[in-house]
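1. okay, structure incoming, though there's no sequence with it:
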């Protein structure tokens, strides 16, 4: 039995440009044996990412693309498989960790729900089992030093991440600290969202007068966490939120 897990044979990936097919990957050959770690090195624009994305056909959904050659995974040519079979492989038998995983998450779903989806699709878990497993993974992250993952209700599970916003674990830590502190001050329903350079604090509109009464104290705490209070406008009163700018 062969120990070859993945073999790429004379792979060409072409995209249409000005009515011509131009190669982004031009004749790559690669073999990965069981237990091996293989690194692909090249200049920016040399085709490393396109080659890697092609293994799981990630360009098929939104791009006109043409493939030539073979990508053999455990003996099967992935380029000839229907996409529903490729979806069964993604996240189960072959996984991808992108260069910036945080910005790879969808901002319209919680991080916890996205982890749970993978578990329900590939591991056959029901909704509650998947949620418990997702929380278990966050606890492992907490043991590794990510404190905002130590509680199931933390922003790691609840905060929605925006498209295109660079967001770091350090920022998540500060957002989590601010949210937990506000809850300790008597605001049990509170959410912090990051929008570009703005951190938005959302609370119940019914608690707005209590929030304003503590404005100086809240401002001081936000400064300690690296945020600066800017303004509260009429729209804020209607929507139940106030704006805070992140210190550069």
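-> Now that the structure is in, tell me what you want to look at. No experiment lies behind these values; they were computed from the predicted model shown.
2. what is the neighbour count of residue 26?
-> By the criterion of other CB atoms under 10 Å, residue 26 has 14 neighbours. (Glycine included, C-beta is placed from N, CA and C.)
3. which helix or strand contains it?
-> When elements are assigned from DSSP states H and E, residue 26 belongs to strand 20-33.
4. so what touches that strand?
-> Under the criterion CB atoms under 8 Å, 6 or more residues apart in numbering, residues 3-16, 38, 40, 47, 50-51, 54, 66, 69 lie in contact with strand 20-33.
5. angles on the backbone of residue 88, please.
-> Backbone torsions for residue 88, taken as degrees, to the nearest 10, come to phi -70, psi -30.
6. which residues touch it?
-> Contact partners of residue 88, counting by CB under 8 Å, 6+ apart, are residue 122.
7. contacting residues for residue 47?
-> Residue 47 makes contacts with 13, 24, 25, 26, 28, as judged by CB under 8 Å, 6+ apart.
8. list the buried ones in the strand holding residue 26?
-> For strand 20-33, the neighbour count (16 or more other CB atoms under 10 Å) marks 24, 25, 28 as buried.
9. pass me the low-pLDDT residue ranges in this structure, would you?
-> Low-confidence segments of the chain, defined by pLDDT under 70, are located at 1, 62, 100-109, 142, 144-169, 193-199, 228-248.
10. can you give me the helices for it?
-> Across the chain, reading from the start of the chain, the helices by DSSP state H fall at 48-55, 83-89, 101-104, 111-123, 127-143, 155-158, 169-184, 208-213, 215-224, 234-239.
11. out of these, the one nearest residue 192 is which?
-> Across the helices of the chain, residue 192 has its closest neighbour in helix 169-184 (4.8 Å, CB to CB).
12. what angle separates that closest one from helix 215-224?
-> Relative orientation of helix 169-184 and helix 215-224, computed by axes from the mean of the first three to the mean of the last three CA atoms, to 10 degrees: 160 degrees.
13. tell me which strands and helices helix 169-184 is in contact with?
-> helix 155-158, strand 190-195, strand 198-203, helix 215-224 (3 or more CB pairs under 8 Å, 6 or more residues apart in numbering; DSSP states H and E).
14. in it, what's buried?
-> For helix 169-184, burial by neighbour count (16+ other CB under 10 Å) applies to 171, 172, 173, 174, 175, 176, 177, 178, 179, 180, 181, 182.
15. between it and helix 111-123, how many degrees?
-> Computed by the same axes, to 10 degrees, the angle between helix 169-184 and helix 111-123 is 120 degrees.
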